[in-house]
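**Q** give me a 3D structure for the following:
(chains A, B, C and D)
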Protein chains: 2
Amino acid sequence: MSTKTPYDPSQFPAFAVTVDIVILTMSAGALHVLLVRRGEDPFEDFWAIPGGFKRPNETLDEAAHRELREETGVAAPPVLAQFGAYGDPGRDPRMNVVTVAYLAVLRNVGDIEAGTDAADAALTPVSDVLGGKLRLAFDHSGIVRDAIERVRVELEATGIATAFVGQTFTMAELRTVYEAIWGVQLDAANFRRSILAEEGWVVPTGRRARPGTTGGRPAELYRAGRAWSHGGPIHRTHRTDER
Amino acid sequence: MSTKTPYDPSQFPAFAVTVDIVILTMSAGALHVLLVRRGEDPFEDFWAIPGGFKRPNETLDEAAHRELREETGVAAPPVLAQFGAYGDPGRDPRMNVVTVAYLAVLRNVGDIEAGTDAADAALTPVSDVLGGKLRLAFDHSGIVRDAIERVRVELEATGIATAFVGQTFTMAELRTVYEAIWGVQLDAANFRRSILAEEGWVVPTGRRARPGTTGGRPAELYRAGRAWSHGGPIHRTHRTDER
DNA sequence: CGCGTTATTGTCGACACGACTCGAACTATC
DNA sequence: GATAGTTCGAGTCGTGTCGACAATAACGCG
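**A** Next up is the predicted model:
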């Protein structure tokens, strides 16, 4: 009723604050998430997303960068953004833990393999997590689900798509990002037009990719220009195999 | 390098976790935020957004509902959604505090006045906060800024607009919400068509509002139907007086 | 060189959106 | 009660976008 809270501020409850990271990347035309296998007691041998305790003298963003660097060796990811906080009582049976979840996007798998132990970490298709095939430790399944939903929205509103492809890329590679994340089929011709209509977002390099083993006309190579913030070129209208 | 963190988990640093709420409502055609005046030492007499400590036996959402009820008396707000976490070192000079920020939307001012002390709380135009006229306690100015940006995005992607108007409303009232939050002018005729085109979102009641003192044809009254989740009817294309 | 494959360019119809106009229904004032 | 002013609802029209589809270009391979 009153503005005075009935809770004594001098006796505030203590929490552990952790930063967990959902690391996404494209592999073989499908969206993958980096998982680590737990070796300790709660949820031992379960797969989990990497994370760790926040230190008092660092910001949340700095903690996320530090954890990502410790896990993968990547110092400057294309995308590393906070997207949610999770603090349900009992989500960690040992103590009261509030975790701040981050979404990271890496360009290719080579970056990940360099910094992590292959036995303890693995790239897993996100469909295994979304479909319930693979149950993660703690509430990490729900956190991954929320991260995917976030990246689906960001894909339409921002230029996050270029974070999934290499420094130079073809239109087909970029289109695969949209198709894999949204689960739709996009017309190649219309996609190309829409991307090029957003002036300055992709810049032609003049070079061409060499065709694959199946032949075909070589595709032009582009590199990412500036990012946009409102109203990207590709909009989510028709949905085919939505999950 | 390795997956083993060099930080000892048994000696994790303790944090206080708070939940702060940016409470938004429409008043006199402009977007307003509810602020409370601090009476205690850090930032005494500064304006701040309401909030309080999270308890170990409640979820973050439950803590937000409890704080909102304590501050305003409102038990079931149309919108109460988490949008960010803030944990910069030194943001609270007393101790290490990580706060989880929530966005609340209330229908009208009457709800607020009932549960709070008028001397300690006030509805303030968000333009005063965004424009830098009013500097809030802690990092609350930035938190409010992020909340406004969030509601601007949600306005385009979801049906959050109806949360700002009453249970029944006219097209002009609903249009005012978009115009105030985006800072644009919308054509009344085209707005009406776009809203009605999204089938089932607003439901005509058959009744009519009585005209104001200036006369005019009485407007039809609508009530909110289902909410949508992707691709609302009104899109942000032209911008006039953007801040 | 012909064929399959892939990338790029072209065309066309449907539809959404913004700018604008006009009629409908009410209040206020003379 | 007639008229002006005001607000809302409905119609029109031109432009631009978007999706579907066809046509052409550039490669590898046999």
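
**Q** going forward, measure contacts and count neighbours with C-alpha atoms only.
**A** Fine.

**Q** for residue A:233, what are its contacts?
**A** A:156, A:194, A:195, A:197, A:198 (C-alpha atoms under 8 Å, 6 or more residues apart in numbering or on different chains).

**Q** longest strand in chain A, please.
**A** With secondary structure taken from DSSP state E, chain A has its longest strand at strand A:15-27.

**Q** which strands border that one, and is each parallel or antiparallel?
**A** Sheet pairing for strand A:15-27, assigned by DSSP bridges, gives strand A:30-37 (antiparallel), strand A:51-53 (antiparallel), strand A:97-105 (parallel), strand B:14-27 (antiparallel).

**Q** for DNA strand D, which of these is the nearest?
**A** Closest to DNA strand D of these, according to C-alpha to the nearest atom of the strand: strand B:14-27, at 16.4 Å.

**Q** got the buried residues for the helix or strand that contains residue A:156?
**A** Here residue A:156 is covered by helix A:140-157, with elements defined by DSSP states H and E. Neighbour-count burial for helix A:140-157 flags A:140-141, A:143-148, A:151-153, A:155-157 (criterion: 16 or more other C-alpha atoms under 10 Å in any protein chain shown).

**Q** out of those residues, which is nearest to residue B:203?
**A** Distance to residue B:203 across those (C-alpha to C-alpha) is lowest for residue A:153, with 27.5 Å.

**Q** how about stretch A:56-75, does it reach chain B?
**A** Yes: under the criterion of C-alpha under 8 Å from any C-alpha of the partner chain, chain B is reached by stretch A:56-75 at A:56, A:57, A:58, A:59, A:60, A:70, A:71, A:72, A:73.

**Q** can I get that stretch in PDB, CA atoms only?
**A** Backbone C-alpha positions of stretch A:56-75 (Å, rounded to 0.1, in the frame of the first residue of the first chain) are rendered in PDB as follows:
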ATOM      1  CA  PRO A  56      32.100  -7.400  -8.900                       C
ATOM      2  CA  ASN A  57      34.500  -5.200 -10.800                       C
ATOM      3  CA  GLU A  58      33.300  -5.900 -14.300                       C
ATOM      4  CA  THR A  59      30.100  -5.000 -16.200                       C
ATOM      5  CA  LEU A  60      27.700  -7.700 -17.500                       C
ATOM      6  CA  ASP A  61      29.000  -7.100 -21.000                       C
ATOM      7  CA  GLU A  62      32.600  -7.500 -19.900                       C
ATOM      8  CA  ALA A  63      31.700 -10.700 -18.100                       C
ATOM      9  CA  ALA A  64      30.100 -12.000 -21.300                       C
ATOM     10  CA  HIS A  65      33.100 -11.200 -23.400                       C
ATOM     11  CA  ARG A  66      35.400 -12.800 -20.900                       C
ATOM     12  CA  GLU A  67      33.400 -16.000 -20.700                       C
ATOM     13  CA  LEU A  68      33.100 -16.200 -24.500                       C
ATOM     14  CA  ARG A  69      36.900 -15.700 -24.800                       C
ATOM     15  CA  GLU A  70      37.600 -18.400 -22.200                       C
ATOM     16  CA  GLU A  71      35.300 -20.900 -23.900                       C
ATOM     17  CA  THR A  72      36.000 -20.300 -27.500                       C
ATOM     18  CA  GLY A  73      39.100 -18.100 -27.800                       C
ATOM     19  CA  VAL A  74      37.100 -15.500 -29.800                       C
ATOM     20  CA  ALA A  75      37.800 -12.000 -28.600                       C
END
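
**Q** buried ones in it, by neighbour count?
**A** Buried positions in stretch A:56-75, judged by neighbour count with 16+ other C-alpha under 10 Å: A:56, A:59-61, A:63-74.

**Q** same question for stretch A:161-170.
**A** Going by neighbour count (16+ other C-alpha under 10 Å), the buried part of stretch A:161-170 is A:161, A:162, A:163, A:164, A:165, A:166, A:168, A:169, A:170.

**Q** could you do stretch A:192-210 as well?
**A** For stretch A:192-210, the neighbour count (16+ other C-alpha under 10 Å) marks A:195, A:201, A:202, A:204 as buried.

**Q** ok, these vs DNA strand D, which is closest?
**A** Distance to DNA strand D across those (C-alpha to the nearest atom of the strand) is lowest for residue A:195, with 9.0 Å.

**Q** got phi/psi on the closest residue to DNA strand C within chain A?
**A** The minimum distance from chain A to DNA strand C, using C-alpha to the nearest atom of the strand, falls at residue A:216 (2.8 Å). Backbone torsions of residue A:216, given as degrees, to the nearest 10, read phi 100, psi 160.

**Q** how much space between it and residue B:127?
**A** 57 Å (C-alpha to C-alpha, to the nearest Å).

**Q** more neighbours, these two?
**A** Under the neighbour definition other C-alpha atoms under 10 Å in any protein chain shown, residue A:216 and residue B:127 were set side by side, and residue B:127 has more, 15 against 9.

**Q** could you tell me how far stretch A:177-186 lies from the centre of the chain?
**A** Centroid displacement of stretch A:177-186 relative to its chain, using C-alpha atoms, centre = their mean, to the nearest Å, is 15 Å.

**Q** next structured bit after the helix or strand of chain A with the lowest mean pLDDT?
**A** Taking mean pLDDT, DSSP states H and E as the measure, the helix or strand of chain A with the lowest value is helix A:109-113, at a mean of 61. Of the helices and strands lying after helix A:109-113 in sequence (DSSP H and E), the nearest is strand A:121-125.

**Q** cool, thanks, signing off.
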